[in-house]
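1. when you get a sec, could you give me coordinates for this:
(one chain, ligands or ions: 1)
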Amino acid sequence: MADGTKSPLLQPDTLGDSLPLRNRICMSAMTRNRCIDANKPTPASAKHYAERARGGTGLIVSDGVCVFLHGLNWPHIPVLYKMEHADAWKRVTDAVHEAGGTMFMQVWHAGRAQNEEMSMLKSASRSNERTDKHGSSVLNRCRFLLSVVDDIVAIWGAAAVGIKICPTDTLNDTASPYSEISETYTFLIAELVKRGVGYMNLSRRGCGEGVTRPAGTELPVGYEPLQEFGPMIKCTGSTTKLMVNEGYTVAEAEELVKHGRIDMVCFGRPFMWNPDVVYRIETGVSFAENDRGDHVMYGPYREPGENYNDWPSALEA
Ligand SMILES: Cc1cc2nc3c(=O)[nH]c(=O)nc-3n(C[C@H](O)[C@H](O)[C@H](O)COP(=O)(O)O)c2cc1C
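-> Predicted coordinates:
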């Protein structure tokens, strides 16, 4: 930390009672369109993740990995529904484990946010006017998510399941009136805590200064989901760890961990251009900035390592 004491982000933690993490710093899921081998991760992917594990990251979350390649117009995203896909991912996780890291896969189905040309599917689901068991009441609208969680927990155990929730998000027409956000996530969080999932990653995308929300979905002045939902995740008896993300600085996260308001922080973009995020936090070296432009995120690139595995560490810079 700036004052020379050890950052609270470097304290170890455990998901559930069974999954130890070496610190509280997580690499956020970032889909980078680098899976040029028939949607399988390549040696460049293994190198990318292993380097970040070697850098000391507590938990790494993979690219969003599609459970079926259906109606998607994203190029070179990873999929996992055949043994050959699992084998390719195992080469990545083996490299991460060898570097002392822990890695989760982000399970992705694009749902209604798929190919732009599938406009019928989009408009049919946009208005959320279903009257079957997946529509109308809060319970019904949470039913699908909870049944997916239950099925995954039955296989892997609750500690190994994390879930990212973005109550205030506006992307893909998800902006909701505040009263609906409050009611829905109060219910959903209680259900997830009951199941003892390892962590909830609470994103604050869609709120804060400079964000314009669609009419009717305005938030109370100064609203942050952490104020309302944080205590519900960290309530008495909860074994679910609270991770936050979206635009956090190291100092902000340190302050929140120090005061017991969160357990972990998740950084996204800094991990793209800093292979050594944890080293920098340990030594008080600030994160490098991206000085190459936004194309480094998704491409184009001449080979998959370009703007992916060629960022210097603080020691090399
Ligand atoms: C290139 C890129 C790809 C992303 N892909 C995903 C994704 O597949 N799944 C996901 O949950 N979030 C994705 N995100 C969002 C990040 O996980 C993270 O929530 C976001 O970057 C905010 O964190 P930050 O401010 O620390 O960057 C992506 C972000 C970027 C920049």
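
2. tell me how far Val296 lies from Ala95.
-> 22 Å (Cβ to Cβ, to the nearest Å). To be clear about C-beta, it is placed using only N, CA and C from the backbone, and glycine gets the same treatment.

3. pretty sure His160 is in contact with Gly198, am I right?
-> Rather than His, residue 160 is Ala. Yes - if you go by Cβ atoms under 8 Å, Ala160 and Gly198 touch, sitting 6.1 Å apart.

4. what residues does the stretch 151-300 of the chain have near the ligand?
-> 164, 203, 245-247, 267-269, 297-298 (Cβ under 6 Å from any ligand atom).

5. ok, and the most crowded of these?
-> Phe267 (23 neighbours; other Cβ atoms under 10 Å).

6. returning to that earlier point: more neighbours, Ala160 and Gly198?
-> Taking other Cβ under 10 Å, Ala160 and Gly198 do not tie; Gly198 has more neighbours (25 against 17).

7. next, give phi and psi for the nearest residue to that one once chain neighbours are set aside.
-> Nearest non-adjacent residue to Gly198, counting by Cβ to Cβ, 6 or more residues apart in numbering: Leu15, 3.5 Å away. When read as degrees, to the nearest 10, the backbone of Leu15 gives phi -90, psi 130.

8. can you verify my assumption that Leu15 contacts Trp156?
-> No - at 11.3 Å, Leu15 does not count as touching Trp156 under the criterion of Cβ under 8 Å.

9. okay, those two: which has more neighbours?
-> A count of neighbours by other Cβ under 10 Å puts Leu15 above the other of Leu15 and Trp156, at 26 against 12.

10. tell me if stretch 22-29 is near the ligand.
-> Yes - counting by Cβ under 6 Å from any ligand atom, the ligand is contacted by stretch 22-29 at 28-29.

11. hmm, who's touching that stretch?
-> Residues outside stretch 22-29 that contact it (Cβ atoms under 8 Å, 6 or more residues apart in numbering) are 8-13, 52, 56-64, 100, 102, 106, 164, 201, 243, 245, 257, 263-268, 271, 277-278, 281.

12. show me the helices in this protein, by range?
-> Taking DSSP state H, the helices of the chain run over residues 43-54, 83-98, 119-126, 138-156, 178-195, 225-233, 250-258, 269-273, 277-283, 295-298.

13. just name the most buried of these.
-> Of those, the one with the most neighbours on average (mean count of other Cβ atoms under 10 Å) is helix 43-54, at a mean of 21.

14. export it to PDB, keeping only CA atoms.
-> C-alpha atoms of helix 43-54 as PDB (Å, rounded to 0.1, in the frame of the first residue of the first chain):
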ATOM      1  CA  PRO A  43      -1.200 -22.100 -26.900                       C
ATOM      2  CA  ALA A  44      -1.500 -18.300 -26.900                       C
ATOM      3  CA  SER A  45      -4.500 -18.600 -24.500                       C
ATOM      4  CA  ALA A  46      -2.500 -20.900 -22.200                       C
ATOM      5  CA  LYS A  47       0.400 -18.500 -22.200                       C
ATOM      6  CA  HIS A  48      -1.900 -15.500 -21.400                       C
ATOM      7  CA  TYR A  49      -3.600 -17.100 -18.400                       C
ATOM      8  CA  ALA A  50      -0.500 -18.900 -17.100                       C
ATOM      9  CA  GLU A  51       1.400 -15.600 -17.100                       C
ATOM     10  CA  ARG A  52      -1.300 -14.000 -15.000                       C
ATOM     11  CA  ALA A  53      -1.400 -17.000 -12.700                       C
ATOM     12  CA  ARG A  54       2.400 -16.700 -12.300                       C
END
